[in-house]
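Chemist: got a predicted structure here, sequence first:
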Amino acid sequence: MSALWLGRRGFDRAARPGRVRYTCTASKHGPPFAWTGTATSSLEEPGAENKTEELGLYIDLPHCLVVGEPFVEYGIVEDRYSRMRPEVYATLIADYGHTRQGPKRYTASAFIAKALGTLFDRGDILWRSGPATGYWAYNGAISYWALPPRLKNEDRLTYRDWAIKAGLDPDA
């Protein structure tokens, strides 16, 4: 099992060429559910593309990454974004909620991760999968992000290590 976004997802590459069947079994999100998408897609909310543009996520999210920094775990990007645009982040939490508030199928985190996936598809940022740590550990695996160019450096900065260095509780 591997994860591209949130939750543990199983891959059924035989579903259709170029398409992947995802199954989220993370109990923290509620009962298991499945969907089909591309290798970089996530759960999609209707109208999310326009909303993402209107809120400026495609412009702002690359600024949550630092040139020369290793691939950073998703939770670091979300934390940086919440500090960069607290009013927009608060709107996303109000609209979609967060797993910190209880199980949900589509959260602010899923919305942000979808925007990151679109930026990756456009070639604006880089993506890798890796171990989920700290608060995000319930996922098992999670996305890591970096700015290009990254040649062969696959170093990763985990949420746990980053939070501890920043004086934050990595599990909260």
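Modeler: Yep, it's here.
Chemist: so where's the protein uncertain?
Modeler: Scanning the chain for pLDDT under 70 picks out 1-49, 151-153.
Chemist: tell me which stretches of it form helices.
Modeler: With DSSP state H as the criterion, the chain has helices at 48-55, 57-60, 74-84, 86-96, 108-121, 159-165.
Chemist: deepest in the core, which of those helices is it.
Modeler: helix 108-121 (a mean of 22; mean count of other CB atoms under 10 Å). C-betas here are computed from N, CA, C, even on glycine.
Chemist: how close does Phe71 get to Thr158?
Modeler: Phe71 sits 10 Å away from Thr158 when distances are taken as CB to CB, to the nearest Å.
Chemist: mutual contacts of these two, please.
Modeler: Both Phe71 and Thr158 are contacted by Gly130, under the criterion CB atoms under 8 Å, 6 or more residues apart in numbering.
Chemist: what's the closest non-adjacent residue to Tyr81?
Modeler: Nearest residue to Tyr81, sequence neighbours excluded (CB to CB, 6 or more residues apart in numbering): Cys64, at 5.1 Å.
Chemist: returning to what we had before: who wins for proximity to Trp136 among the helices of the chain?
Modeler: Nearest of the helices of the chain to Trp136, taken as CB to CB: helix 74-84 at 4.8 Å.
Chemist: by contact count, what packs against that closest one?
Modeler: helix 57-60, helix 108-121, strand 141-146, helix 159-165 (3 or more CB pairs under 8 Å, 6 or more residues apart in numbering; DSSP states H and E).
Chemist: packing partners for the longest one?
Modeler: Translated: helix 108-121. So helix 108-121, by 3+ CB pairs under 8 Å, 6+ apart, packs with helix 48-55, helix 57-60, helix 74-84, helix 86-96, strand 126-131, strand 141-146.
Chemist: next, the angle strand 141-146 makes with it.
Modeler: Helix 108-121 runs at 50 degrees relative to strand 141-146, counting by axes from the mean of the first three to the mean of the last three CA atoms, to 10 degrees.
Chemist: then helix 108-121 to PDB, C-alphas only?
Modeler: C-alpha atoms of helix 108-121 as PDB (Å, rounded to 0.1, in the frame of the first residue of the first chain):
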ATOM      1  CA  ALA A 108      -9.100  21.600   3.800                       C
ATOM      2  CA  SER A 109      -6.000  19.400   3.700                       C
ATOM      3  CA  ALA A 110      -7.400  17.500   0.700                       C
ATOM      4  CA  PHE A 111      -8.200  20.800  -1.000                       C
ATOM      5  CA  ILE A 112      -4.600  22.100  -0.500                       C
ATOM      6  CA  ALA A 113      -3.100  18.700  -1.500                       C
ATOM      7  CA  LYS A 114      -5.200  18.800  -4.700                       C
ATOM      8  CA  ALA A 115      -3.800  22.200  -5.500                       C
ATOM      9  CA  LEU A 116      -0.300  20.900  -4.900                       C
ATOM     10  CA  GLY A 117      -1.000  18.000  -7.300                       C
ATOM     11  CA  THR A 118      -2.100  20.400 -10.000                       C
ATOM     12  CA  LEU A 119       1.100  22.400  -9.500                       C
ATOM     13  CA  PHE A 120       3.000  19.200  -9.900                       C
ATOM     14  CA  ASP A 121       1.100  18.200 -13.000                       C
END
